[in-house]
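Visitor: Show me the folded form of this:
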Amino acid sequence: DYVVPDTWIEGEIPKDLQGTYFRNGPGMQVANERYKRHTFDGDGMVLSFSFSNGRVRFKNKYVRTRGFLDEQAAGRPVYRTAFSRGAADGNPFFNPFDFKLKNVANTGVILWGNRLLALYESGLPHEIDPASLDTVGETNLSGQLQTPVLAAHYRIMPGQQQLQQQQQWDMDNSNTSSNGGSNGSRCGVPTVVGRTFVGFSFNSAAGAAELLFYEFAETGQLAVPPQRYRLPGVSIALIHDIAVTPDYYVVVVGPVDFSVSKFVTEYFTSRCSIAECLLYDPSKPSKVHLVPRPAGAAAGTAPYVMDAPPMFTFHHVNAFQVQPADTSSSSIGSSSSNGSNGSNGSSRHRSSSSSGQLLVLDTIAWDQVSFDANQHNLSPEYYKGGNRSHLQRFVFQLDPLKPAAANSPNSRGSNGGSSVSSSTGWLVGSYRLARRCIEFPSVNWDMHGQPHRYTYSCGDRVDDEFYWGPAQCIMKTTLPDPLAGAQGHVSHVQVNEECWDAGSRCIVNEPLFVPRPNATAEDDGWVLALVHNAATGKGDLVILDAQCVAAGPVATIHLQHFLPAGLHGSFTSAVFGADEGGLSAQPAWKEPNVVRAI
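Guide: Numbering: from 1, shown residues only. Prediction:
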């Protein structure tokens, strides 16, 4: 906890960048010959940068989960984790049917309803004091969670003020877009006053896989009853993220199967983790589920279940609904020049004159995925083909809605039954929007559920069809029009790319878009990202102008210490650690304590 000295800052921190940037990640890494925990299983460490009048205060602290405290007291690993092999103590003998895993609280962090929440894939959130970063403890959000899980990913959906701002941006954009701007109408925009936090949990039990969707108002109270949705024909899956439109929760289920043989022959003998029993099967399609939101125009209707090319998705960019305005001449379909996810025959071609609206999904599509890759076995061979991740746009034609069946989970809110009827829709367009491998996408959160032009992400330096590499660049992709692909073909050569290269010895973390106060455009703001500099062994925070990423940082905070790899962050306009006179205390940097050996 210290105020950053001016001598550590290269450039100038924007004076109107006011607020607090929070980030979470697996800070506590455990690795020696006996204990080999996967990076993803590290204990959560939340950090914050508080910006006030051009000055910065930094804090970081581990999330004091029960598992963290017990293991600190024991001086060694005590709990089993999802991505690590065998017993917690390195013993090859353990109870393979004990699926209780440590909640490491290491994936996401968000301030909502006056609570700072550290989130994890498969456990309750932990409440954190936003000023001190002290851990308050596990929370079920005042009894509002129906299972002991709230996933690490969420969507902050815009309220009425943000929707009005988008309309102004659309009018401005129509004068500058290369082909006339956004000429389609949005569908199903509900009347909402404030923003909404949309989260979910995923639960598998007794051969059935079920999603539970939550929507919280800005007060932290449920805005609508939780919605249950049982995935038809699915017993186990890995769903890390969802997208949300005004009318639908958008869920992509990749072709991943649980290998019973691997579970028996390798998991039992400590030669693989429980996560490694999930095997990718490229012979099967992915399934895209559109689950009606209870306050949207599709409420009370049957969900859509549609085929898509085989892929795996960790992170989605955005999704939106649109009704094409020009139905006489436009056609949409799979582009043959956009790589395997755009030309493998999974699309059913249709004219955009068909009845019904379109749904557009931008996501990071992995050509394949293997959960046995980790820091202990990574080699240069990993970056030759294989697990490549691409920015992909999918366009679906939605036929007219069908009413939900009487026993459908969506017809009975949180008390739904076991069977699901479905509306019909087709994949009509699949477009690869960039050649470079990218991940950790970010958009202006005020554009969630609405047509967007700009995406910020981590990218490799290689930019090749076959070879790729770790995340060393921050890339901005600009579509020629928000509706590109929904009204005619689009390819990556039509998408403008701006790239800032952090350097050959640097690794970049998730870029986060932060809007400027009173922004006048969708990309009016900054991009914040943490960078690990392997040459110095220290961390940097870079602040880029979101409208000209290629120009490089307007300010870089050169920290004098290491920062562990991080996952996801968020920004709030509230400044924590400040009083009326500015940054309240003036704590100075000091060397951290020596880390205790296992």
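Visitor: for the closest residue to Phe22 other than its chain neighbours, which residues make a bridge with it?
Guide: Nearest non-adjacent residue to Phe22, counting by Cβ to Cβ, 6 or more residues apart in numbering: Val109, 4.6 Å away. C-beta here means a position set from N, CA and C on the backbone, and glycine is covered the same way. Here Val109 sits in beta bridges with Ala118, as judged by DSSP bridges.
Visitor: Between the two ends of stretch 518-532, what distance do you get?
Guide: Terminal residues of stretch 518-532 lie 32 Å apart, using Cα to Cα, to the nearest Å.
Visitor: Buried residues, it. List them.
Guide: Of all the residues in stretch 518-532, those buried under the rule 16 or more other Cβ atoms under 10 Å are 519, 521-532.
Visitor: Please apply the same query to stretch 222-235.
Guide: For stretch 222-235, using 16+ other Cβ under 10 Å, the buried residues are 223-224, 226-232, 234.
Visitor: Tell me the one of the residues you listed nearest Leu145?
Guide: The closest of the buried residues of stretch 222-235 to Leu145 turns out to be Pro226 (Cβ to Cβ; 8.4 Å).
Visitor: Surely that closest one and Phe213 touch.
Guide: Yes - A contact is recorded between Pro226 and Phe213 when judged using Cβ atoms under 8 Å, the distance being 6.5 Å.
Visitor: Kindly provide the distance from the residue nearest to Phe22 to Phe268.
Guide: 36 Å (Cβ to Cβ, to the nearest Å).
Visitor: More neighbours: which of the two?
Guide: Val109 (30 against 15; other Cβ atoms under 10 Å).
Visitor: returning to what we had before: can the buried residues of stretch 222-235 go into JSON lines with extra columns for pLDDT, secondary structure and distance to Cys473?
Guide: Below are these laid out as JSON lines (pLDDT from 0 to 100; DSSP: H, G, I helix; E, B strand; the rest coil; distance: Cβ to Cβ, whole Å):
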{"residue": "Ala223", "pLDDT": "94", "secondary structure": "coil", "distance to Cys473": "38"}
{"residue": "Val224", "pLDDT": "94", "secondary structure": "coil", "distance to Cys473": "40"}
{"residue": "Pro226", "pLDDT": "96", "secondary structure": "coil", "distance to Cys473": "40"}
{"residue": "Gln227", "pLDDT": "96", "secondary structure": "strand", "distance to Cys473": "39"}
{"residue": "Arg228", "pLDDT": "96", "secondary structure": "strand", "distance to Cys473": "41"}
{"residue": "Tyr229", "pLDDT": "96", "secondary structure": "strand", "distance to Cys473": "37"}
{"residue": "Arg230", "pLDDT": "94", "secondary structure": "strand", "distance to Cys473": "41"}
{"residue": "Leu231", "pLDDT": "92", "secondary structure": "coil", "distance to Cys473": "36"}
{"residue": "Pro232", "pLDDT": "89", "secondary structure": "coil", "distance to Cys473": "40"}
{"residue": "Val234", "pLDDT": "86", "secondary structure": "coil", "distance to Cys473": "36"}
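Visitor: Rebuild those residues as a markdown table, extending it with distance to Asp16.
Guide: What follows is those, written out as a markdown table (distance: Cβ to Cβ, whole Å):
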| residue | distance to Asp16 |
| --- | --- |
| Ala223 | 31 |
| Val224 | 35 |
| Pro226 | 39 |
| Gln227 | 39 |
| Arg228 | 44 |
| Tyr229 | 42 |
| Arg230 | 47 |
| Leu231 | 45 |
| Pro232 | 49 |
| Val234 | 47 |
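Visitor: Looking at those, which is nearest Ala118?
Guide: Of those, the one sitting nearest to Ala118 (Cβ to Cβ) turns out to be Pro226, at 21.4 Å.
Visitor: how near is that closest one to Gln144?
Guide: 8 Å.
Visitor: Please identify every residue contacting each of those two.
Guide: Tyr214 (Cβ atoms under 8 Å, 6 or more residues apart in numbering).
Visitor: For the stretch 101-250 of the chain, just list every one of the strands.
Guide: Using DSSP state E, counting those that start in this stretch, the strands of the stretch 101-250 of the chain run over residues 108-112, 115-119, 126-128, 135-138, 155-157, 185-186, 196-205, 208-216, 227-230, 243-244, 248-253.
Visitor: so which of the ones you listed is the most packed in?
Guide: Highest mean neighbour count of these: strand 243-244, a mean of 28 (counted as mean count of other Cβ atoms under 10 Å).
Visitor: Parallel or antiparallel, which strands does that strand pair with?
Guide: Sheet pairing for strand 243-244, using DSSP bridges, gives strand 248-253 (antiparallel).
Visitor: Just the CA coordinates for the partner strand, please, in PDB.
Guide: Provided in PDB are the C-alpha atoms of strand 248-253 (Å, rounded to 0.1, in the frame of the first residue of the first chain):
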ATOM      1  CA  TYR A 248     -31.500 -13.200 -24.400                       C
ATOM      2  CA  TYR A 249     -28.800 -14.900 -22.400                       C
ATOM      3  CA  VAL A 250     -26.400 -16.300 -25.000                       C
ATOM      4  CA  VAL A 251     -24.600 -19.500 -24.100                       C
ATOM      5  CA  VAL A 252     -22.100 -21.400 -26.200                       C
ATOM      6  CA  VAL A 253     -21.500 -25.000 -25.400                       C
END
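Visitor: Show me what it is in contact with.
Guide: Against strand 248-253 from outside (Cβ under 8 Å, 6+ apart): 198, 200, 211, 213, 227, 229, 231, 234, 237, 239, 242-244, 286-293, 296, 298, 304, 308, 311, 313, 316, 319, 321, 359, 361, 363.
Visitor: cool, stretch 111-120 as well?
Guide: 20, 22, 24, 44, 46, 63, 103-110, 125-130, 135, 139, 141, 150-154, 197, 216-221, 570, 572, 574.
Visitor: Tell me how far that stretch lies from the chain's centre.
Guide: 16 Å (Cα atoms, centre = their mean, to the nearest Å).
Visitor: That one: end-to-end distance?
Guide: OK, stretch 111-120 end separation, Cα to Cα: 15 Å.
Visitor: Repeat that for stretch 381-397.
Guide: 39 Å.
Visitor: swap in stretch 88-96?
Guide: 12 Å.
Visitor: Kindly provide the whole-number mean pLDDT of that stretch.
Guide: Across stretch 88-96, pLDDT averages out at 76.
Visitor: now swap in stretch 286-296 and tell me
Guide: Mean predicted confidence for stretch 286-296 is 96.
Visitor: Backbone dihedrals for Cys277, please?
Guide: phi -80, psi -10 (degrees, to the nearest 10).
Visitor: do the one 3 residues further on as well
Guide: Phi and psi for Tyr280, reported as degrees, to the nearest 10, are phi -80, psi 130.
Visitor: residues near it, how many?
Guide: There are 19 residues near Tyr280, going by other Cβ under 10 Å.
Visitor: how far away is it from Val244?
Guide: From Tyr280 over to Val244 (counting by Cβ to Cβ), the distance is 26 Å.
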